[in-house]
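1. what would the 3D arrangement of this be:
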Amino acid sequence: MVVEWITLGVAVLALLVALLALSLATTITRRVGSRDPIAVPKPWRRVLGVTSVLPAAETVHLVQQRRQRVAFVANPTKAGITEVREQALRACSIRYLAEPMWLHTTAEDPGTGQAREAVEAGADLVIAVGGDGTVRAVAEALAGTGVAMGILPLGTGNLFARNFDLPLEDIPALLRIALEGAEESVDVGWLQVERGGRKDPRRYPFLVIAGTGIDADMVGGTNDHLKKRLGWLAYFLALTKFMRKRRMTATVSIDGSTPLTGQMRTVLIANVGRLPGGFMLIPDASATDGRLDIASLDARAGIVGWTDLYTTVVAQGVGWNQPEILKAYRASRIDHARAHKVSIRMEHSQLVQVDGDLLGDATAIEAWVEPGALRLRVPVA
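-> Purely as a prediction, here's the structure:
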């Protein structure tokens with residue numbers, strides 16, 4: 001009797017193993033057949049219900065059209081750039097993309113020439129790898145071309161990337177966004193300077209903020225060693241060196257309006273408004289509204305005025321704007337305006353900056369916006 005039960009148990013076990021093997025073989029055969037129907041004999045295709053999941057010829061053509069040619073324009077001085085390159089090559093490989101172009105910026109050319117070279121070589125997507133300076137240089141070459149731009153932010157401030165909520169410390173996520181993200185048309189600001197009564201023939205792009213006054217002094221006075229150690233906090237330490245500087249006198253004209261003259265610490269021309277640390281310097285600024293946001297900042301009465309200005313910036317960042325009537329009684333002031341074009345003439349020569357890059361001294365600047373000129377890869381909603 002015991003022998004019979006053992007024999008029955010073995011038979012049942014053998015049957016289960018056979019059924020498992022048959023199920024596994026069927027699954028594998030169907031999977032292979034769905035990808036390569038010719039590999040499975042026709043009778044078995046009918047029995048197993050093998051159907052091809054290969055797209056139709058028209059779909060294959062569209063998929064091939066979407067297979068982009070990628071170029072990376074990278075600042076070789078950034079820490080970890082070698083590891084970033086390895087991750088970038090791997091990210092392209094697993095997506096069956098052609099080996100990407102990898103171009104290094106130089107001190108003489110921070111990325112504009114390299115991006116143009118990539119476009120001429122057939123790139124559909126150019127990814128800027130570096131800080132705001134590299135991003136700005138690449139954008140200069142891509143604006144108006146229809147070629148998409150991605151960003152791998154490796155700088156100190158990474159202001160443009162912050163304003164589009166890119167995950168700054170997550171390289172794999174950044175690569176996923178750059179290679180597979182949605183595309184958004186964003187505005188590009190342009191600036192021209194005048195020195196000693198003569199206009200500089202070159203126009204300078206900016207994606208974040210351009211300005212003249214104490215903000216440019218702060219950029220010029222920031223210690224590079226401290227910037228590497230403290231990050232964006234080094235800019236605020238540099239600001240303390242210029243708090244006692246005399247206010248500048250400037251005349252501002254917006255969209256050809258009657259010029260207004262006043263005293264202020266700085267005039268900012270913004271494409272976006274978010275700063276590091278969660279500060280919203282210009283809350284309403286948007287890179288997709290087709291306009292520039294102009295802000296003049298003033299602080300009087302020494303440390304009292306600067307403290308009041310800081311409080312105002314923090315307050316507007318949480319959505320509170322002081323009534324207009326109260327501005328006249330405060331030791332600081334922030335005035336906002338929006339325009340497609342703005343002209344600013346300074347009584348005395350002042351430093352000018354665009355996205356944290358100094359352009360030297362100027363007696364006048366003119367800025368305008370080119371709406372939707374840049375196609376930017378952003379996170380999918």
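
2. where do the helices of the stretch 101-250 of the chain begin and end?
-> In the stretch 101-250 of the chain, the segments counted as helices under DSSP state H, counting those that start in this stretch are 112-120, 132-142, 159-163, 171-180, 214-221, 224-230, 233-239.

3. most tightly packed of those?
-> Stretch with highest mean neighbour count among these: helix 132-142 (a mean of 25; mean count of other C-beta atoms under 10 Å). Any C-beta I mention is one placed from the backbone N, CA and C, and that applies to glycine too.

4. re the thing from before, any idea which of the helices of the stretch 101-250 of the chain gets closest to Gly197?
-> Proximity to Gly197, assessed across the helices of the stretch 101-250 of the chain by C-beta to C-beta, is greatest for helix 214-221 (20.2 Å).

5. quick revisit: columns distance to Arg90 and mean pLDDT on top of the helices of the stretch 101-250 of the chain, output as CSV?
-> Converted to CSV, those look like this (distance: least, C-beta to C-beta, whole Å; pLDDT from 0 to 100):
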stretch, distance to Arg90, mean pLDDT
helix 112-120, 20, 97
helix 132-142, 22, 96
helix 159-163, 22, 92
helix 171-180, 9, 96
helix 214-221, 36, 81
helix 224-230, 28, 68
helix 233-239, 34, 69
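
6. to Ala91, which of the ones you listed lies closest?
-> Closest approach to Ala91 among the helices of the stretch 101-250 of the chain (C-beta to C-beta): helix 171-180, 4.2 Å.

7. beta partners for Val73?
-> Going by DSSP bridges, Val73 is paired in beta bridges with Leu103, Ala128.

8. so it versus Val84, what's the distance?
-> Distance of Val73 to Val84, given as C-beta to C-beta, to the nearest Å: 12 Å.

9. those two: who's more crowded?
-> Taking neighbours as other C-beta atoms under 10 Å, Val73 and Val84 compare with Val73 leading, 32 against 19.

10. just checking, the more buried one touches Ile127?
-> Yes - counting by C-beta atoms under 8 Å, Ile127 is a contact partner of Val73 at 7.2 Å.

11. quick one on the thing from earlier: so what sits against both of Val73 and Val84?
-> Both Val73 and Val84 are in contact with Val129, where contact means C-beta atoms under 8 Å, 6 or more residues apart in numbering.

12. okay, domains of this structure per the record?
-> Domain ranges of the chain: 2-54, 67-180, 188-371, per automatic domain parsing.

13. which of these has the lowest average pLDDT?
-> If those are sorted by mean pLDDT, domain 2-54 sits at the bottom with a mean of 60.

14. got the CA positions of stretch 181-199 in PDB?
-> C-alpha atoms of stretch 181-199 as PDB (Å, rounded to 0.1, in the frame of the first residue of the first chain):
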ATOM      1  CA  GLY A 181      11.200  64.900 -21.500                       C
ATOM      2  CA  ALA A 182       8.500  67.200 -22.800                       C
ATOM      3  CA  GLU A 183       9.500  70.200 -24.800                       C
ATOM      4  CA  GLU A 184       8.500  73.700 -23.800                       C
ATOM      5  CA  SER A 185       9.100  76.900 -25.800                       C
ATOM      6  CA  VAL A 186      10.800  79.400 -23.600                       C
ATOM      7  CA  ASP A 187      11.700  83.100 -24.000                       C
ATOM      8  CA  VAL A 188      15.200  84.300 -24.500                       C
ATOM      9  CA  GLY A 189      16.300  87.800 -23.400                       C
ATOM     10  CA  TRP A 190      18.900  89.800 -25.300                       C
ATOM     11  CA  LEU A 191      20.900  92.700 -24.100                       C
ATOM     12  CA  GLN A 192      23.100  95.300 -25.800                       C
ATOM     13  CA  VAL A 193      25.500  97.700 -24.000                       C
ATOM     14  CA  GLU A 194      26.700 101.200 -24.700                       C
ATOM     15  CA  ARG A 195      30.200 102.300 -23.600                       C
ATOM     16  CA  GLY A 196      31.300 105.900 -23.900                       C
ATOM     17  CA  GLY A 197      28.500 106.800 -26.300                       C
ATOM     18  CA  ARG A 198      29.200 103.900 -28.700                       C
ATOM     19  CA  LYS A 199      27.000 100.800 -28.900                       C
END
